[in-house]
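K.L.:
structure of the sequence below:
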Amino acid sequence: MRIVFMGTPAFAEVSLRRLLEAGFSVTGVFTQPDKPKDRGLKLSHSPVKQLALEAGLPVFQPERLRDGTALDTLRSLNPELVAVVAYGRIIPDALLGVPPRGTVNIHGSLLPKYRGAAPVQHAVLNGDKTTGVCSMYLASGLDCGDLIHSEETEIGEFETAGELLGRLSKMGAELLVRTVRDIEAGVAPRTPQDCGGVSYAPPISRELRPIDWSGTPRQVVKHICGLLPWPGATAKLGGHVFKIFAAEYTDNKTDRPAGTIVSADFKRGLEVVCGNGETLRITQLQAPGNRRMSAADFLRGHPISLN
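P.N.:
This next block holds a predicted model:
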């Protein structure tokens with residue numbers, strides 16, 4: 001079966017690699033245009049493009065999908081099936097209608113929960129206990145097509161969005177292979193989504209960075225974990241804004257206001273009050289102009305005054 005693959009980041013690269021390892025015929029790859037990277041602003045290949053070039057696959061990077069060029073390209077490749085994984089753009093109906101066996105997508109949540117661009121981050125931010133991946137047929141609208149297969153997994157209490165993305169990318173790759181095999185065999189199920197359970201996961205922005213200490217310790221931990229590796233949670237402590245990488249729970253409670261630093265020593269780190277009076281200990285941070293380090297190591301050379 002002739003397959004065209006559409007994807008861009010590392011999450012998608014894992015799926016493309018697995019398709020190739022499984023022996024499927026990938027006849028072309030669509031990925032986002034190269035973007036400038038680092039200080040030199042040198043154009044950088046996406047992870048999917050890099051793998052496609054290494055595998056000798058034709059690569060296409062249309063600036064637009066609705067001007068007819070991408071449609072002509074896709075038709076020329078004559079795919080039986082199109083597989084989309086984190087491509088980064090909504091596929092127009094004209095392109096969806098090209099492959100006779102449909103266009104399938106791997107999504108990083110258990111739809112209809114968390115339709116949209118950042119399902120993994122929002123699952124962590126919201127403190128969900130479980131999440132998963134699913135395969136679906138793409139249709140008009142945002143992540144609203146019929147479901148094919150899904151797989152659930154637990155979210156670790158201190159698992160970051162980046163760590164979860166890494167796990168889900170592997171689960172999604174295996175699910176894509178299973179899905180393609182079932183479509184090829186003509187046995188793939190097709191289940192309409194439950195519209196009553198729809199929720200959305202909009203893109204993550206820098207505006208989400210500041211920690212709200214009025215939340216519970218768990219809400220603060222999930223805020224920190226959900227924003228890693230990007231953009232990273234921040235907190236103003238001792239007059240400086242720090243990037244916060246990790247924290248742990250304590251058994252302590254106080255009547256002091258939320259956001260108060262109650263302990264700052266080079267043995268344990270920074271202990272801060274949350275909204276319910278329970279405290280949280282920051283264990284890893286990064287000061288402005290400095291590197292990431294343990295809070296204890298930072299405090300050895302940079303004492304912070306208690307509130």
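K.L.:
every contact and neighbour count from this point should use C-alpha atoms.
P.N.:
Noted.
K.L.:
ok, residue 273 touching residue 251?
P.N.:
No - with contact defined as CA atoms under 8 Å, residue 273 does not reach residue 251; the gap is 11.7 Å.
K.L.:
can you list residues touching both of those two?
P.N.:
Overlap between the contact sets of residue 273 and residue 251, as judged by CA atoms under 8 Å, 6 or more residues apart in numbering, is given by residue 279.
K.L.:
higher neighbour count, those two?
P.N.:
residue 273 (27 against 7; other CA atoms under 10 Å).
K.L.:
residues in contact with the more buried one?
P.N.:
Residues near residue 273 by CA under 8 Å, 6+ apart: 213, 253, 254, 256, 257, 258, 259, 260, 261, 262, 279, 280.
K.L.:
nearest to residue 234 among those residues?
P.N.:
Ranked by distance to residue 234 (CA to CA), these are led by residue 213 at 11.1 Å.
K.L.:
so the closest one: helix, strand or coil?
P.N.:
Under DSSP: H, G, I helix; E, B strand; the rest coil, the three-state class of residue 213 is coil.
K.L.:
ok, how many other residues are close to it?
P.N.:
Residue 213: 21 neighbours (other CA under 10 Å).
K.L.:
residue 50 is in contact with residue 17, correct?
P.N.:
No - if you go by CA under 8 Å, residue 17 and residue 50 don't touch, sitting 11.0 Å apart.
K.L.:
before we move on, the earlier item: got the contacts of residue 273 as TSV, with pLDDT and secondary structure columns?
P.N.:
Output for those, formatted as TSV (pLDDT from 0 to 100; DSSP: H, G, I helix; E, B strand; the rest coil):
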residue	pLDDT	secondary structure
213	97	coil
253	96	strand
254	97	coil
256	96	coil
257	96	coil
258	97	coil
259	95	coil
260	95	coil
261	95	strand
262	94	strand
279	98	strand
280	97	strand
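K.L.:
just the buried members of these?
P.N.:
Buried subset of the contacts of residue 273 (neighbour count, 16 or more other CA atoms under 10 Å): 213, 256, 257, 258, 259, 260, 261, 262, 279, 280.
K.L.:
quick check: neighbours shared by residue 17 and residue 50?
P.N.:
With CA under 8 Å, 6+ apart as the test, residue 17 and residue 50 reach no residue in common.
K.L.:
how far does the biggest helix by length in the chain sit from its chain's centre?
P.N.:
Secondary structure assigned by DSSP state H gives helix 161-185 as the longest helix of the chain. On the basis of CA atoms, centre = their mean, to the nearest Å, helix 161-185 sits 14 Å off its chain's mean C-alpha point.
K.L.:
in the stretch 101-250 of the chain, which spans are strands?
P.N.:
Secondary structure of the stretch 101-250 of the chain by DSSP state E, counting those that start in this stretch: the strands cover 103-107, 130-137, 147-154, 233-237, 240-253.
K.L.:
what's the most buried one of those strands?
P.N.:
When you average the neighbours per residue for each of the strands of the stretch 101-250 of the chain (mean count of other CA atoms under 10 Å), strand 103-107 leads with a mean of 26.
K.L.:
related to what we said a few turns ago, for residue 165, find the nearest of the strands of the stretch 101-250 of the chain.
P.N.:
Closest among the strands of the stretch 101-250 of the chain, using CA to CA: strand 130-137, at 10.2 Å.
K.L.:
what lines up beside the lowest-mean-pLDDT helix or strand in the chain in the sheet?
P.N.:
Least confident element among the helices and strands of the chain, by mean pLDDT, DSSP states H and E: strand 42-44 (a mean of 76). Strand 42-44 has its sheet partners listed here by DSSP bridges as strand 35-37 (antiparallel).
K.L.:
contacts for the strand it pairs with, please.
P.N.:
If you take CA under 8 Å, 6+ apart as the criterion, strand 35-37 is touched by 42, 43, 44, 45.
K.L.:
now tabulate those residues in JSON lines and tack on neighbour count and distance to residue 224.
P.N.:
Formatted as JSON lines, the contacts of strand 35-37 follow (neighbours: other CA atoms under 10 Å; distance: CA to CA, whole Å):
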{"residue": "42", "neighbour count": "11", "distance to residue 224": "31"}
{"residue": "43", "neighbour count": "12", "distance to residue 224": "31"}
{"residue": "44", "neighbour count": "14", "distance to residue 224": "29"}
{"residue": "45", "neighbour count": "19", "distance to residue 224": "29"}
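K.L.:
okay, and for the stretch 201-307 of the chain, where does confidence drop off?
P.N.:
Across the stretch 201-307 of the chain, residues meeting the criterion (pLDDT under 70) sit at 307.
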